[in-house]
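K.L.:
generate a structure from the sequence data that follows.
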Amino acid sequence: SAIQRQSSGYDDPWKITDEQRQYYINQFKTIQPDLTGFIPGSAAKEFFTKSKLPILELSHIWELSDFDKDGALTLDEFCAAFHLVVARKNGYDLPEKLPESLMPKSPPTSPPPCLPMRFDRTAHAHKRTRLRLVCR
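P.N.:
Residues are numbered from 1 along each chain as shown. Model prediction:
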């Protein structure tokens, strides 16, 4: 279930297919059985570290996918993060900002505020970009 470069009219590597989304949902359930629940930063870090991507890249993926910056991942945020990890593993460069096709369909709801998850203390020393969520 990797992202494939296709020469047909479908070229958006950031669009999650139904098959991919189902796979990501199944992975989410292994950590958080409640699909309306959240995965705390520590559990997400443990899960995504298995990808063997460099810490700085994982940190950037976290910055992009934690839409509401609450230190936990909703299902939509987890799917976006997982898709970015898969894309990176398949040779795609990580985007500077979250592609529109990975934006959540509905506004996220937040659990009680907690400290943002950090992969390490220096990971965020590089550029910090704030995402603007556009309400449709």
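K.L.:
state the distance from Thr76 to Lys52.
P.N.:
Quick fix: residue 76 is Asp, not Thr. When C-beta to C-beta, to the nearest Å is the yardstick, Asp76 and Lys52 sit 25 Å from each other. To be clear about C-beta, it is placed using only N, CA and C from the backbone, and glycine gets the same treatment.
K.L.:
so which of these two has more stuff around it?
P.N.:
Neighbours per residue (other C-beta atoms under 10 Å) separate Asp76 from Lys52, with Asp76 holding more: 20 against 9.
K.L.:
what does the helix or strand the more buried one falls within rub up against?
P.N.:
Using DSSP states H and E, Asp76 sits in helix 75-89. Helix 75-89 is contacted by residues 1-3, 13-14, 16, 20-21, 24-25, 27-28, 35-36, 39, 44, 48, 51, 53, 57-58, 61-62, 64-68, 73, 94-95, 98, 102, 104-106, 108 when judged by C-beta atoms under 8 Å, 6 or more residues apart in numbering.
K.L.:
quick one: classify Leu56 as helix, strand or coil.
P.N.:
With DSSP: H, G, I helix; E, B strand; the rest coil as the basis, Leu56 sits in helix.
K.L.:
tally of neighbours for it?
P.N.:
16.
K.L.:
looking at it now. What's its pLDDT?
P.N.:
Among the per-residue scores, Leu56 shows a pLDDT of 97.
K.L.:
same check, this time on His124
P.N.:
Reported pLDDT for His124: 44.
K.L.:
coming back round to it: just the buried ones from the contacts of helix 75-89, in PyMOL syntax?
P.N.:
Buried members of the contacts of helix 75-89, defined by 16 or more other C-beta atoms under 10 Å, are picked up in PyMOL with:
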select buried, resi 3+13+14+16+20+21+24+28+39+44+48+53+57+58+61+62+64+65+66+67+68+73+98+102+104+108
